[in-house]
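Visitor: What follows is a predicted structure for the sequence shown.
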Amino acid sequence: MSTVAVSEDILRWALDRSGQTIEDVLPGFPRLRDWISGEKQPTLHQLEGFARTTHTPLGFLFLPKPPEERMPIPHFRTADRERPHRPSAELLDTIHTMQLRQAWMRDDVKDQGQEPLPFVRSARVGDPPEAVAKKMRQLLGFEENWAKGEKTWTDALRRLREAIEEARILVQLNGIVGNSTHRKLDPAEFRGFVLVDDYAPLVFVNNSDGKAAQMFTLAHELAHVFFGSSAAFDLRQLMPAQDKTEHACNQVAAEFLVSETLLRKAWPTVKDDDEPFQAIARQFKVSEIVAARRALDLGLIDRKAFFEFYETYRAIERRKSDEAPGGGDFYLNQNLRVGTRFGAAVVRAVKEGRLAYTEAYRMTGLYGKTFERFAAPLIVRGA
């Protein structure tokens, strides 16, 4: 049986890129050490299996040395004084999937005769945050204290997500690569990213992140669309990276969620509460973390008070997450992973004969009866 030559460096790079060790994959490839030493060589079939296991494009394994994989968009990290950061295979694969979906959606809306979205790139860094936040609220049909009427901040989060999709922005939330539960997305690497486009802007939220921070992430991403800047970011402790656009997006997101005027008016009545951030959260329907972050922005508390609260809250949130039952409804999860707007457009194109089922399967990651069951409620709603 014919074999193919693969360099030791490439094999080690593929393992490292996937976050696995030789021992992790040895059960499936018992001769891996011989391949690495050069004593043996894999067959093409074996190499294809190794590529799947390490989530490596097969063509990369034929290169003489490891490639330098670059992020297709800037990656802003809050405190990146460590060694240069190499993006994970999970982040790269997720971005590439979102680019594929966005490209299809762009062509689809243009074919339908839709015009470019006027709000994309409509703001400039340096514009007053209050003015940009007002533009964002106007786009979504929100008042200044828009979330006050919601029962909880999670209801407000859902309303925000739905309003952004209504504005023709693709919204996708996922905590794993596609539906691969063994390939989790690390919120320490990125909380979200934005792919700006005049016809089909896309925002992606890392659903592995705590729900408490996701509203801020969404508002931050919406600001990126207005500034016309594609990027990925980690927003560690809700703090921006040392970049002027990141700082501007944070300022706008904070003003969008919690108006400075309204918070300064409310602060004297809540500052002496045992739980002042909870009082702010109840009033503005944001999470307590976002409430505390806004109080810090406005100089109502100092950094020490904020970071102490932040770490305590995150510890409680992680414990609740660990204790909560996992999984959830698969098809409800798909509405977040695929996105209601994108999913509806794909289903409509299939119904109208403009898109083959095989392409719909490839773009959604759902196949056969699973796709049909996902599509059924969208058809009922008139997708």
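Guide: That came in fine, so what should we check first?
Visitor: Test my guess that Gly339 contacts Arg168.
Guide: No - contact criterion C-beta atoms under 8 Å: Gly339 and Arg168 do not qualify, at 11.9 Å. Using the backbone N, CA and C atoms, a C-beta is placed for each residue, glycine as well.
Visitor: Just want to know which of the two has more residues nearby.
Guide: Gly339 (27 against 17; other C-beta atoms under 10 Å).
Visitor: Please name the bridge partners of the residue sitting nearest the centre point of the chain.
Guide: In the chain, the residue lying closest to the centroid (C-alpha atoms, centre = their mean) is Val205, at 2.6 Å. Val205 has these beta-bridge partners by DSSP bridges: Leu173, Gly192.
Visitor: List the contacts of it.
Guide: Residues in contact with Val205 (C-beta atoms under 8 Å, 6 or more residues apart in numbering) are Val171, Gln172, Leu173, Arg191, Gly192, Gln214, Thr217, Leu218, Glu221.
Visitor: Any chance of these in a markdown table with pLDDT and neighbour count as columns?
Guide: Below are the contacts of Val205 laid out as a markdown table (pLDDT from 0 to 100; neighbours: other C-beta atoms under 10 Å):
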| residue | pLDDT | neighbour count |
| --- | --- | --- |
| Val171 | 97 | 24 |
| Gln172 | 95 | 24 |
| Leu173 | 95 | 22 |
| Arg191 | 94 | 26 |
| Gly192 | 95 | 27 |
| Gln214 | 91 | 23 |
| Thr217 | 95 | 24 |
| Leu218 | 96 | 22 |
| Glu221 | 97 | 27 |
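Visitor: closest to Arg33 among those?
Guide: Of all the contacts of Val205, Arg33 sits closest to Arg191, with 38.4 Å by C-beta to C-beta.
Visitor: The closest one and Gly210: what is the separation?
Guide: Relative to Gly210, Arg191 is positioned 10 Å away (C-beta to C-beta, to the nearest Å).
Visitor: cool, and Ala14?
Guide: Ala14 is 32 Å from Gly210, by C-beta to C-beta.
Visitor: okay, these two: which has more neighbours?
Guide: Between Ala14 and Gly210, Ala14 has the larger neighbour count (other C-beta under 10 Å), namely 23 against 17.
Visitor: Quick check: which element contains the more buried one?
Guide: Counting by DSSP states H and E, the element that carries Ala14 is helix 8-18.
Visitor: Does anything pack onto the helix or strand following that helix? Which helices or strands?
Guide: Counting by DSSP H and E, the element after helix 8-18 in chain order, helix or strand, is helix 22-25. Where contact means 3 or more C-beta pairs under 8 Å, 6 or more residues apart in numbering; DSSP states H and E, helix 22-25 is packed against helix 8-18, helix 32-37.
Visitor: out of the ones you listed, nearest to Tyr199?
Guide: helix 8-18 (33.1 Å).
Visitor: Any stretches of the stretch 251-383 of the chain with poor pLDDT?
Guide: Within the stretch 251-383 of the chain, the set of residues satisfying pLDDT under 70 comprises 320-328, 379-383.
Visitor: Spell out the residue ranges of the helices in it.
Guide: 260-270, 276-284, 288-297, 303-323, 330-337, 340-351, 357-364, 368-380 (DSSP state H, counting those that start in this stretch).
Visitor: Now do the first one and helix 276-284, the angle between them.
Guide: Going by axes from the mean of the first three to the mean of the last three C-alpha atoms, to 10 degrees, helix 260-270 is angled at 130 degrees with respect to helix 276-284.
Visitor: Tell me the gap between helix 260-270 and the middle of its chain.
Guide: 32 Å (C-alpha atoms, centre = their mean, to the nearest Å).
Visitor: what do you get for the fourth one?
Guide: Helix 303-323 sits 21 Å away from the centroid of its parent chain (C-alpha atoms, centre = their mean).
Visitor: Can you tell me what sits against that helix?
Guide: Residues contacting helix 303-323 (C-beta under 8 Å, 6+ apart): Gly210, Ala212, Gln237, Leu238, Phe277, Glu288, Ile289, Ala292, Arg293, Ala295, Leu296.
Visitor: I'd like the distance between the first one and Lys184.
Guide: Computed as C-beta to C-beta, the Gly210 to Lys184 distance reads 14 Å.
Visitor: same deal with the fifth one?
Guide: Taking C-beta to C-beta as the criterion, Phe277 is separated from Lys184 by 29 Å.
Visitor: These two: which is more packed in?
Guide: Taking neighbours as other C-beta under 10 Å, Phe277 and Lys184 compare with Phe277 leading, 24 against 13.
Visitor: and the more buried one, how far is that from Arg293?
Guide: Distance from Phe277 to Arg293, by C-beta to C-beta: 9 Å.
Visitor: now Lys65
Guide: Distance of Lys65 to Arg293, given as C-beta to C-beta: 44 Å.
Visitor: likewise Glu130?
Guide: 17 Å.
Visitor: likewise Val25?
Guide: Here the criterion is C-beta to C-beta. By it, Val25 lies 42 Å from Arg293.
Visitor: before we move on, what about Ala266?
Guide: Ala266 is 16 Å from Arg293, by C-beta to C-beta.
Visitor: longest helix of this structure?
Guide: Ranked by residue count and defined by DSSP state H, the top helix of the chain is helix 89-111.
Visitor: What is it packed up against?
Guide: strand 170-174, strand 176-177, strand 180-184, strand 192-195, strand 202-206, helix 340-351, helix 357-364.
Visitor: okay if I get those as CSV plus distance to Arg124?
Guide: What follows is those, written out as CSV (distance: least, C-beta to C-beta, whole Å):
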stretch, distance to Arg124
strand 170-174, 24
strand 176-177, 35
strand 180-184, 37
strand 192-195, 17
strand 202-206, 20
helix 340-351, 27
helix 357-364, 34
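Visitor: Specify the stretch among these that is closest to Pro42.
Guide: So among the helices and strands packed on helix 89-111, strand 180-184 is nearest, using C-beta to C-beta, at 22.9 Å.
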